[in-house]
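Novice: fold the following, please.
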Amino acid sequence: MESTAVTEFLDKVVIPMVLSPLVGFGLGYLFVLAILWTFRRADVFRANRGFRYAQIVSSATMALGHGLQDAQKTMGTITPALYTAGEIDDFEVPLWVVLAVAGAISAGTYAGGFRIMRTLGRRFIQLTPTGGFAAQTVASGVMVTTATVLAVPVSTTHITATSTMGVGSTRRLSAVRWGVAGTIVVAWVVTLPAAGAVAALACFVTDLAVG
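Specialist: You can find the predicted model right below:
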């Protein structure tokens, strides 16, 4: 039973989390090349204006993918805790949990999202409307597909950042500020053990308080 749980954890969590950034990078690179080839004879100004409007749709799908991934993960943490504590009888997500998670993610995005968006869209690489549309479309496509078809969790930040890297790499490798990218990757690596340590500490303190 334990080996089965470990295998399922690797298949459903670890492997998707590792592969999804690579998929985001590759698809971002290929997708923007396809766009540039398709619109190679188009007027640059008019094409950028069109993709600026198209970003309204790609931004909406990004929001959907964000909710399908990050919100579902949070609800998937709260609901089992409620069920284990006996607060709910059926293993179903209560409406108030859905609303609370949606509100928390919205508030978090409003409070700190601008700094992340500025890093990805300006400090990381100077995105054009075409590049922004490509990166958003690829990222949202990966997030929605993994949530609805494959039913596996992936990181919104990982997918968005790597698809942006892929888009920027079509100009030239130096177009991406790899120093900023390295800082982001370090943050990804540090986040996992840091989150585990905080969770272990919280569990230890809770056991002491309850015991």
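Novice: chain center to the host helix or strand of residue 207: distance?
Specialist: Of the helices and strands defined by DSSP states H and E, residue 207 is found in helix 178-210. Helix 178-210 has its C-alpha centroid displaced from the chain centroid by 17 Å (CA atoms, centre = their mean, to the nearest Å).
Novice: residues in contact with stretch 132-141: which ones?
Specialist: Stretch 132-141 is contacted from outside by 24, 27-28, 31-32, 35, 51, 54-55, 58-59, 61-62, 64-65, 121, 127, 156, 159-160, 163-164, 166-167, using CB atoms under 8 Å, 6 or more residues apart in numbering. Every C-beta, even on glycine, is put in place using the N, C-alpha and C of the backbone.
Novice: about what we covered before: packing partners of the helix holding residue 207?
Specialist: Packed against helix 178-210 by the contact rule (3 or more CB pairs under 8 Å, 6 or more residues apart in numbering; DSSP states H and E) you find helix 156-169.
Novice: the helix it packs on versus helix 178-210: what angle between them?
Specialist: If you take axes from the mean of the first three to the mean of the last three CA atoms, to 10 degrees, helix 156-169 sits at 180 degrees to helix 178-210.
Novice: follow-up on the earlier one: and the buried ones among the contacts of stretch 132-141, selectable in ChimeraX?
Specialist: In ChimeraX syntax, the buried subset of those is picked out as below (16 or more other CB atoms under 10 Å):
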select :24,27,28,31,32,35,51,54,55,58,61,62,65,127,156,159,160,163,164,166,167
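Novice: from residue 66, how far out is the residue nearest in space to the middle of the chain?
Specialist: Among the residues of the chain, the one closest to the centroid is residue 156, at 0.3 Å (CA atoms, centre = their mean). Taking CB to CB, to the nearest Å as the measure, residue 156 falls 5 Å from residue 66.
Novice: again, but for residue 110
Specialist: 13 Å.
Novice: under the pLDDT cut-off, which ranges of the chain? List them.
Specialist: Along the chain, segments meeting pLDDT under 70 span 1-3, 121, 173, 175, 211.
Novice: before we move on, the earlier item: in the helix holding residue 207, what's buried?
Specialist: Buried residues in helix 178-210, counted by 16+ other CB under 10 Å: 181, 184.
Novice: between residue 110 and residue 66, which one's more packed in?
Specialist: residue 66 (18 against 9; other CB atoms under 10 Å).
Novice: need the contact list for the closest residue to residue 94 other than its chain neighbours.
Specialist: Nearest residue to residue 94, sequence neighbours excluded (CB to CB, 6 or more residues apart in numbering): residue 88, at 6.3 Å. Going by CB under 8 Å, 6+ apart, residue 88 touches 79, 82, 94.
Novice: and with 10 Å instead?
Specialist: Each residue near residue 88 by CB atoms under 10 Å, 6 or more residues apart in numbering is listed here: 79-82, 94, 97.
Novice: mind putting those residues in a markdown table, distance to residue 144, secondary structure and neighbour count included?
Specialist: Converted to a markdown table, those look like this (distance: CB to CB, whole Å; DSSP: H, G, I helix; E, B strand; the rest coil; neighbours: other CB atoms under 10 Å):
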| residue | distance to residue 144 | secondary structure | neighbour count |
| --- | --- | --- | --- |
| 79 | 22 | helix | 18 |
| 80 | 24 | helix | 12 |
| 81 | 27 | helix | 10 |
| 82 | 27 | helix | 14 |
| 94 | 24 | coil | 15 |
| 97 | 22 | helix | 16 |
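Novice: thanks a lot, catch you later.
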